[in-house]
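# Let me see the structure of the following:
(chains A, B and C)
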Amino acid sequence: MDPATTPLGQMLLDEITPVVMLLSTPSVEQSCLKNGLSFLQTLRPFCSFNNIDVPVRTASDQPYRLHKFKLRLFYASDVRKPDLMVAKEQLKQVITEAGDKMFSDSRSDVPKINHELSSSEHQNTPSWFQFLNKELVRVASFSDHEAFDHPVICLLAVSSKDEQPINRFIDLFNANKLPSLLNDGAMDPKISKHYLLVHDNQDGPTDRASKIFTEMRNAFGTIDCSLLCINSSLDAPIKHQDNPWALYITDASPTPSQDLACFLNIDDINEIKNLMQDLSSKHIIPNMEQKIRVLNQQVSATRKGFKNQIKNLWWRKGKEDGADSLNGPTYNFNSIESQIRVLGDYAFMLRDYELALSNYRLISTDYKIDKAWKRYAGVQEMMGLTYFMLDQSRKEAEYCMENAFTTYLKLGSFGQLNATRCGLWWIEMLKARDEYKEAATVYFRICGEDILHSAVMLEQASYCYLLSKPSMLRKYGFHLVLSGEQYKKCDQIKHAIRTYKSALSVFRGTTWGYINDHVHFHIGQWYASLGMYDVAVKHMMEILACSHQSKTTQELFLGDFLQIVEKNGRTFEVTKLQLPVINISSLKVVFEDYRTFGTPSAVNTKEVSWRSLEEEMLPSFSAAKTNWLELQSKLISKKDIQSNVCVAGEAVNVSFEFKNPLLISIPISGVTLVCKYSASTDEVKSNENESSLEKDDEADLFRNRSNDNSSFLVSEVDFLLGGGETTMIQLSVTPRAEGILEIHGVKWKLSGKIVGFHNFELSLPNRNAGKGRRKTKHLQNEKFKFMVIKSIPKLQGSIHPLPEKAYAGDLRQLVLELRNPSEFPVKNLKMKISHPRFLIIGKQENIRSEFPACLRKKTDSVQCDADSNIMSDTVFLFPEGTSVQGETPLLWPLWFRAAVPGDISLYMSIYYEMVDVSSVIRYRTLRLHYNVQVLPSLDVSFQTSPSQLRLQEFLVRMDIVNKTNSESFQVYQLSSVGHHWEISLLQPPDTIFPSQSLMAGQAISCFFTLKKSRKFSALEDNVSTLPVRSDVRLVPQSSDDLVYDINIAPLINFHHYERLQQEVSYKGDFNAVDFVLISRPFKSNNDPGFSDPPHLMSHHACHFSIASTGPISWLIDGPQTLHHDFSASFCEISLKMHLYNSSGATAFVRIDTLDSAGNGGHNSNINVAQTTTPDNQAGWHDITPANNELKVTSPKFLENQPVKALSLESVSPYIWSGSSSTHLHVEAMSLAEIPLQICVFSPGTYDLSNYVLNWRLPSNGLGDSDETRQHSGKCQGYKHYLTVLQST
Amino acid sequence: MVREVSESCVDSLLTEMVACYCNRFYANKPELAARRIEAIGYQVGHQLSERYTMERPRFTDHLEAIKFICKDFWSELFKKQIDNLKTNHRGTFVLQDNKFRWLARMSVDPSIDNASSVEDNSAPTPENKAAQAMSMHLYFPCGIIRGALSNLGIPCAVSADISNLPACSFVVRIKA
Amino acid sequence: MIVCVAVVGHQNNPLYIQSFTEADDALKLHHIVHCSLDVVDERVNNPKKSGPMLNETFLGLLYPIENYKVYGYLTNTKVKFILVTTDLDVKDADVRNFFRRFHAAYVDAVSNPFHVPGKKITSRTFAERVSTIVKSFGFSSAG
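Modelled structure (predicted):
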């Protein structure tokens, strides 16, 4: 690549060119001003030549031709260091207006980054950057340490109007007016001059001019003089279609550009052209060439060659001490160093780069040794540039530039400008070689301490990062942010915003929320400071829900946001306000069509469970299962079947979650639903399509929705949402008239300023189902559209006083209260309850009978119709003609019993029909749902075991544990329910309960006997029909002697359900006995949890089989001890065995007596059977009938474990006398008796247990009904001890 | 601080997991179960690869990564290396383990074997069952490999092939 | 002393950034870490600079910025660890050692079955471990 074509090349060819110092008389100026131009401006367009074909020879006589050439014109007054302050001001102003300009057209959104990438440098580094950089370079010009700014020629212009023009020429160039450069000896004051006579043709003919010109020639010599005639167009001003001056004139000039130079016609222009051409080709270039030669000879004379080198070195050493000032020694123009520098610069300007380079090299070492740092830096800089122009050894070039740069920096403040310029050149160099990254770092280094300056540089650096390959977007962003901050510091807000916005394109969409927020936040702030609040808010919105930020930051953000909105004046309306977040998945719409909800909790239970509950009540199953609307679909047009139905005057509830993502709490107010009401159904069409355009601006749609609530009422909620917490909000809209009601969304006020909207339909999930869109839309309509029908009665129901907590077994009387606010009556009511075990429906009459007195057993209570009022758990029909209307509520008694501990939720549903059939809805159901927590109270368990002493008599052991931790109960009464069994006390109650009550945590066990009821024979016939009930009171007679009748409702019903609940394997067993324990709170030290203490508690334990050993029970009857004189003879004892067959069929029984000879052996295998028993209890389920039997009779067998021990150490044996095996039939429910006899031969204690009793039932008959009941069995005999004593 | 775990534990854990997903959770949807098991394996592999590549330089190309899987990764898991690695140089690798530990203790009942030897063209159903049971157990290691590779930045699909037991070969297809 | 350590996922998403300064310079550190990713990419894509230690996980000094030094570490799973420190004479060995231990901690953290890959690391134990490692780094560099 040709370095001259690169931007830097261009820059150098423009900037490092010969300077022409211009001196002109006022009259010249004024004649130029006719054209609205200064003299300099007039000439300037003709100072750059694209192809001035001048032959040049290098110092070493190589000829070459110079094509591109340029002159720089300056008035003498301007040939000096530019004023810094002015320059700064100018720069600042440039930047500011650039900022305004950029800002105004970058109002559009953030530029997409990829497009920036594609665009080349010149697009995305704005033009004002080049201008700025030029300015910065210019500021550093006319320094005394470099020669290329020194004027090479002085052009003196005198008008023909001036009198004594010759003298004017002389005193134009007098020393005291000359720039300092010439005076203070920085450059050679003997500057070559060129004398120009300017003639204004409007002042008259040129003869005077020519006369003067001849004089001039005589005075100054022919070559150095020239004549210029301008303003030769006397007539009307001419317009130049392409005005050469236009681009050189800053718009500061008063006159518009087209009538510039209006008096200069084409020959004037040509004349000027020629003038300049000659000036440069005939004077300037030859002069410079000449000078180069001269200097070169001098230099080579003094400095080339080994001798000179040495001398030079030694000499430098000599004058070392003089070099102390930071700037090193001052060199005046004729010092060899400046000569060399001049030589170098001239060579450079004439493109003789080799020469330039060699000289720069030469001089730089000198300066270095002299510690003339500024000059050294300057030379290094030039070296770098020369290397570049030569396009050789980039390393060298960059090294030099760096070197120069650092050296300038070392110089501190007054090296700064040069440093900047050097840096810029360096950067250009790097850019030219696509080393953008390095360029960026250089930009970073030339930031300097001037904030504005650094801001600009940083921004340029950022662009370099963007352009570097591969582009470093993150650094791009970072530097943009940095520069933005700097811009902000020197309040160039618009620039700041611009940079930040372009930085956004980097951070947007990344997870670097921290940075992202910061950027958005500041953009917001700055827009706000510019008063553009809407945009500000837009940006602020992005960061509102910044849950990852610290608390303080969040407060800051929110605070500023609110401020901005405040400033914005009107309450701001935002369609997608992030604060608070709406958890759309939690959105629930509750409306009441034919189903109404009595309790809030009833809403939350699944529809399915309700359906299953109501199935039997609703008119037709199919309707109940599927959409109920089929039922009355004839009444409704097809279209409305999509939409839900709600009743005028009844609220539609919408509930969803508000989540506060922040740590700080935010006040939310005025949360209301936004709805649309349309009177007639066909209007649905219209707002169908209108809901489509609702997407573009929801805001005002919401607005105009929210104000017309004449036809419906919306509820409003205010609350404070604490940090990070989530609250369930319930809103309701109540339509007033028939029609179509649509719920669009929700609307709320954040801290009273910002109104947020949220559209439900738009934000519902699964909307982005590609093809299914139409369908989903449809569904949403269904979800949020309601057909309002005219109001119909609605029952309100409640149960009081239903306790939240109750102890297990607690029995209460409750009242169901139904009200019907509307004036229309409702008819045939039905009710169904989910858990009849806990809640049953009483009878109307015992609404007024007070509780628990009504449970007392009346003296005249016959066995009332028990079975009738045990209702199966089907629908309860309220009696015919019960209609609820007006303010008289319908009261109906309910019985509640806390059956088992735990949390129970009770469902009940009440069905009722409208009296007027005109309505769309014919019937409705009232759904009630209650939760009751049941605490464990008394834990009652029973054990029965046949008594050893008497047949048909059983020992009942009752264990009670008081599981409560505070309550103490009085165990009041125990009742047994079972066929022909009745219970009786074994010991007086006060011995059981000395302290008449059961303390908390206390456990007690007591025994009762269960014997055949006396009425048994009487009730022989209807044995299976009704069970006998018998009660024992466990309180001493002293207290009131009333007994609770467990035979009347509700106890009987509850007992029934308990039976069903505690169903065990073999039912229909006559011998099963149930126990009902009734207890009362003894003294209730009120647990706060309880609204009222329980009055009465009943515990039911069911199905205790008495026929535990199977159908046959027996026992041996005989003497316990007797005396016998064994000396006389052995003793013969006769015993009796009583057998009882408790089964319904005749049993075949065989008794085998085992003699003690085979005793051990036999026992052993019995023992096997017995040793398995503990295992049986341990929960292994072996299903062989024998074991099963053993299991059932566990308590008894445990008793006779000792058998083994006893029989193993064999006491003196005894013999069964009589038959060793007896067979007999025992009739059903009948007793039998067998005589047995044994002989003993010595005194001792004998266990008469080793006989085996086999029994068998006919396999037909009852036995078949349930397989678990065994048909035959084999039992080891009970142990029966007989002690025989030697009688004296 | 190298923690060790009993092999038998791992084995039974694996079998138990497979059993759970196949017979309990997704009893009637085997492909779903397979996906879940594979996903578990994926996570395991993902994390293991993080751990086992800790001390080593980054892989330059896919082959290195695969080799890593074959050598170090495998021996970390099974105390042996992959026995045979084949590749068509277009992104498909076949890793063969001649005695894959997790199949070593799995048996196909002999009746099936001779049955299949007799007439294997019409594959008898019990063999299918056995094969399916095996493949169920192979989803986990497949997932592990896939997880490991994808964590190393190589998205791929892994399938297993048990044509000749107890040798088991895993086919890795790298997604272009 | 170590100013900041960061874990950045393979999609250049920050998984964990912890600064150990009292000063409120979180934002700046975020920026530094974020920018360092550019350098990491550069290093990885044209590793001519890191000639011999090709593909080593330890990327060495990424770049000095202001008065910080930024070191980088790139795991096999394309997860970057960034270390920002203020002390200017840091022995490479120390940094390597630091990164090794840090990596171990990271691995343990992500091996937690409840950690979702690609999500921010919130484990407290990890944070504690990191802070201890950081402290020890301070000592080792001092001694």
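# A:Tyr930: neighbour count?
21 (other Cβ atoms under 10 Å in any protein chain shown). (Each C-beta comes from the backbone N, C-alpha and C, glycine too.)
# now do A:Asn270
Using other Cβ under 10 Å, A:Asn270 is surrounded by 11 other residues.
# And it, what's its pLDDT?
You'll see A:Asn270 listed with a pLDDT of 82.
# chain center to the helix or strand containing it, what's the gap?
For A:Asn270, the host element (DSSP states H and E) is helix A:266-278. Relative to its parent chain, helix A:266-278 has a centroid offset of 76 Å by Cα atoms, centre = their mean, to the nearest Å.
# after it, next one along is what?
Toward the C-terminal end, the helix or strand that comes next after helix A:266-278 (DSSP H and E) is helix A:285-303.
# tell me which residues in that next one are buried?
Across helix A:285-303, burial judged by 16 or more other Cβ atoms under 10 Å in any protein chain shown covers A:285, A:287-289, A:291-292, A:295-296, A:299, A:303.
# Also stretch A:269-276?
Within stretch A:269-276, the residues that count as buried by 16+ other Cβ under 10 Å are A:269, A:271-272, A:275-276.
# Return the helix or strand in chain B with minimum mean pLDDT.
Every helix and strand of chain B was ranked by mean pLDDT, DSSP states H and E. The lowest is helix B:110-118, at a mean of 45.
# The most centrally placed residue in chain C sits in which helix or strand?
Among the residues of chain C, C:Ile82 comes closest to the average C-alpha position under Cα atoms, centre = their mean, at 2.4 Å. Here C:Ile82 sits within strand C:80-85, counting by DSSP H and E.
# for A:Ser601, same thing?
Counting by DSSP H and E, A:Ser601 is part of helix A:600-604.
# Show me the contact partners of that helix.
The contact list for helix A:600-604 (Cβ atoms under 8 Å, 6 or more residues apart in numbering or on different chains) reads A:590, A:597, A:653, A:905, A:907, A:927-931.
# Now do the helices in chain C.
Secondary structure of chain C (DSSP state H): helices at C:26-45, C:92-110, C:124-142.
# possible to save those helices as TSV with mean pLDDT?
Converted to TSV, the helices of chain C look like this (pLDDT from 0 to 100):
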stretch	mean pLDDT
helix C:26-45	82
helix C:92-110	86
helix C:124-142	77
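# looking at these, which is closest to chain B?
Among the helices of chain C, helix C:92-110 comes nearest to chain B, with 4.8 Å by Cβ to the nearest Cβ.
# which residues are in contact with the closest one?
Residues from elsewhere that reach helix C:92-110 (Cβ under 8 Å, 6+ apart): B:47, B:50-51, B:54-55, C:2, C:5, C:7, C:57-58, C:60, C:71, C:73, C:75, C:79, C:81, C:83, C:115, C:117, C:121, C:123, C:125-126, C:129-130, C:133-134, C:136-137, C:140-141.
# that older thread, would you list the helices of chain C in a markdown table and tack on mean neighbour count and distance to A:Leu1060?
A markdown table is the format used below for those (neighbours: other Cβ atoms under 10 Å in any protein chain shown; distance: least, Cβ to Cβ, whole Å):
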| stretch | mean neighbour count | distance to A:Leu1060 |
| --- | --- | --- |
| helix C:26-45 | 20 | 69 |
| helix C:92-110 | 19 | 57 |
| helix C:124-142 | 15 | 55 |
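# Out of the ones you listed, the one nearest A:Leu1282 is which?
Checking the helices of chain C against A:Leu1282 by Cβ to Cβ gives helix C:124-142 as the closest, at 77.5 Å.
# now the angle between helix C:92-110 and that closest one, please.
With axes from the mean of the first three to the mean of the last three Cα atoms, to 10 degrees as the basis, helix C:124-142 and helix C:92-110 are set at 170 degrees to each other.
# quick one: helix C:124-142 to chain centroid distance?
12 Å.
# elements contacting it?
If you count contacts as 3 or more Cβ pairs under 8 Å, 6 or more residues apart in numbering or on different chains; DSSP states H and E, helix C:124-142 packs onto strand C:2-8, strand C:14-19, helix C:92-110.
# And what about the residue nearest the centre of chain B, helix, strand or coil?
Geometric centre of chain B, nearest residue: B:Pro141, 2.9 Å, by Cα atoms, centre = their mean. Using DSSP: H, G, I helix; E, B strand; the rest coil, the structure places B:Pro141 in helix.
# contacting residues around it?
By Cβ under 8 Å, 6+ apart, B:Pro141 lies in contact with B:41, B:100, B:102, B:160, B:170.
# okay if I get the residues you listed as JSON lines plus neighbour count, secondary structure and distance to chain A?
JSON lines is the format used below for those (neighbours: other Cβ atoms under 10 Å in any protein chain shown; DSSP: H, G, I helix; E, B strand; the rest coil; distance: Cβ to the nearest Cβ, whole Å):
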{"residue": "B:Gly41", "neighbour count": "24", "secondary structure": "helix", "distance to chain A": "28"}
{"residue": "B:Phe100", "neighbour count": "24", "secondary structure": "coil", "distance to chain A": "41"}
{"residue": "B:Trp102", "neighbour count": "21", "secondary structure": "helix", "distance to chain A": "37"}
{"residue": "B:Ala160", "neighbour count": "21", "secondary structure": "strand", "distance to chain A": "35"}
{"residue": "B:Phe170", "neighbour count": "23", "secondary structure": "strand", "distance to chain A": "35"}
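# quick one, what contacts A:Cys546?
Taking Cβ under 8 Å, 6+ apart as the test, what A:Cys546 contacts is A:513, A:517, A:553-554, A:557, A:661-662.
# Surely it forms part of a helix?
No. Assessed with three-state DSSP, A:Cys546 is coil; it does not lie in a helix.
# Okay, it and A:Thr510: tell me how far apart.
Per Cβ to Cβ, to the nearest Å, A:Cys546 is found 15 Å from A:Thr510.
# try A:Val1076
Here the criterion is Cβ to Cβ. By it, A:Val1076 lies 74 Å from A:Thr510.
# quick one: which of those two has more around it?
Between A:Val1076 and A:Thr510, A:Val1076 has the larger neighbour count (other Cβ under 10 Å), namely 24 against 16.
# What's the mean pLDDT across the helix or strand harbouring the more buried one?
Assigned by DSSP H and E, A:Val1076 belongs to strand A:1073-1081. In this model, strand A:1073-1081 has a mean pLDDT of 80.
# Listing partners with orientation, what would you give for it?
Sheet pairing of strand A:1073-1081 (DSSP bridges) gives strand A:969-978 (antiparallel), strand A:1096-1104 (antiparallel).
# Flag whichever of the ones you listed has the least confidence on average.
When the strands paired with strand A:1073-1081 are compared by mean pLDDT, strand A:1096-1104 comes last with a mean of 76.
# in that one, what counts as buried?
Neighbour-count burial for strand A:1096-1104 flags A:1096-1104 (criterion: 16+ other Cβ under 10 Å).
# measure the nearest residue to A:Ser883 once chain neighbours are set aside to chain C for me?
Excluding its sequence neighbours, the residue lying closest to A:Ser883 (Cβ to Cβ, 6 or more residues apart in numbering or on different chains) is A:Pro825, at 4.4 Å. Between A:Pro825 and chain C the distance is 61 Å, computed by Cβ to the nearest Cβ, to the nearest Å.
# repeat for A:Asp203
From A:Asp203 to chain C the distance is 67 Å (Cβ to the nearest Cβ).
# Just the endpoints, please. Distance across stretch A:985-998?
Chord length of stretch A:985-998, first to last residue, is 18 Å (Cα to Cα, to the nearest Å).
# Quick check: mean pLDDT of that stretch?
Taken as a whole, stretch A:985-998 carries a mean pLDDT of 73.
# any idea which of the buried residues of strand A:1096-1104 is closest to chain C?
Proximity of the buried residues of strand A:1096-1104 to chain C (Cβ to the nearest Cβ) peaks at A:His1099, which lies at 47.1 Å.
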